[in-house]
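Participant: Here's my sequence, what's the structure:
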Amino acid sequence: MEQISPYISVDCVLFGYNGFELEVLIVDRTLTNDKTHELIFNDQTLTGNHVYVDETIDDAANRVLFELTGLKDVFLEQFKTFAHPNRLLKPNDQIWLQHTGRDPKARIVTIGFYSLLATDKIKLEWKGRNVRWIPIKEIGELAFDHNLILSEALRTLRQRIKYEPITFELLPEKFTLTQLQNVYEAIWDVELDKRNFRKKVARMKYLIPLDEKQTGVAHKPARLYVFSRDVYTKTKKELFDFTI
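Facilitator: Alright, predicted model coming up:
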């Protein structure tokens, strides 16, 4: 069995987009009495775990994602370290640490990552704990300091999409301009002016129009587009500014 670093962990905020709203992947944390099998508590966490002594922080984050979801090779970026001495003092957290053989008084430092996934591209795999997508607006109290980690990840994401075209990670390979606008609106939680948005989009050389339109829709089918990573890389010296 791999040896863990008891005082270093990673926590991953997996943002998903289901075509309508921004979601977060949440893990059920259930603790039962070993003798009576009675439920002690059931709450929720972000995806995370301790780092193995022989792996890098990035490798640990990718391992955690795969162990809980079966996902590999997804967009994943480190954004902040959380090390407040009181981050694990909630009653349930103290009980959980004792039950799992860890010192409830010890300070555990966690490194936060966030990831972007189009939920229609993936199928979550059962890895021993229940994981599910929950809309951000419906997230209640999470274990540990995970509400703070989620809040900081969302703040980081809202800033990053102004200057990096990472929102395409949340879309299908082929998408409409309306779908693209809807993603920005979901992340920023605002309603954008369609004309101003289209003006911004028109300057994106890496947004390639296709000779294809939507199929199977009740309304007039819209043109489909793809994001070209190659074109973006070649024109990267041009400032990406999507401030609205």
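Participant: From the contact counts, what lies against the longest strand seen in the chain?
Facilitator: Ranked by residue count and defined by DSSP state E, the top strand of the chain is strand 4-17. Packing partners of strand 4-17 (3 or more C-beta pairs under 8 Å, 6 or more residues apart in numbering; DSSP states H and E): strand 22-32, strand 47-52, helix 57-69, strand 109-118, helix 146-160. All C-beta atoms are positioned from the backbone trio N, CA, C, and that covers glycine.
Participant: Could you dump these into CSV and include mean neighbour count, distance to Ser228 and mean pLDDT?
Facilitator: Putting these into CSV (neighbours: other C-beta atoms under 10 Å; distance: least, C-beta to C-beta, whole Å; pLDDT from 0 to 100) gives the following:
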stretch, mean neighbour count, distance to Ser228, mean pLDDT
strand 22-32, 19, 24, 92
strand 47-52, 21, 30, 93
helix 57-69, 19, 26, 88
strand 109-118, 22, 17, 94
helix 146-160, 18, 20, 97
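Participant: Okay, buried residues for stretch 32-40 please.
Facilitator: Buried residues in stretch 32-40, counted by 16 or more other C-beta atoms under 10 Å: none are found.
Participant: now do the same end-to-end measure for it.
Facilitator: 5 Å (C-alpha to C-alpha, to the nearest Å).
Participant: now swap in stretch 170-185 and tell me
Facilitator: Across stretch 170-185, first to last residue, C-alpha to C-alpha, it's 13 Å.
Participant: just to revisit the earlier point, of the helices and strands packed on strand 4-17, which is nearest Gln3?
Facilitator: Evaluated over those, closeness to Gln3 peaks at strand 47-52, with 6.6 Å, by C-beta to C-beta.
Participant: So what are the sheet partners of the closest one and their directions?
Facilitator: strand 4-17 (antiparallel) (DSSP bridges).
Participant: Okay, buried residues for the partner strand please.
Facilitator: Applying 16+ other C-beta under 10 Å to strand 4-17 flags Ile4, Ile8, Ser9, Val10, Asp11, Cys12, Val13, Leu14, Phe15, Gly16, Tyr17 as buried.
Participant: Next, the angle from that strand to strand 109-118.
Facilitator: 30 degrees (axes from the mean of the first three to the mean of the last three C-alpha atoms, to 10 degrees).
Participant: hmm, back to that, quick one: the longest strand of the chain to strand 22-32, angle?
Facilitator: 140 degrees.
Participant: Could you tell me how far strand 4-17 lies from the centre of the chain?
Facilitator: The chain centroid and the centroid of strand 4-17 are separated by 11 Å under C-alpha atoms, centre = their mean, to the nearest Å.
Participant: before we move on, back to that, lowest-confidence one in the buried residues of strand 4-17?
Facilitator: The lowest pLDDT within these belongs to Ile4, which sits at 86.
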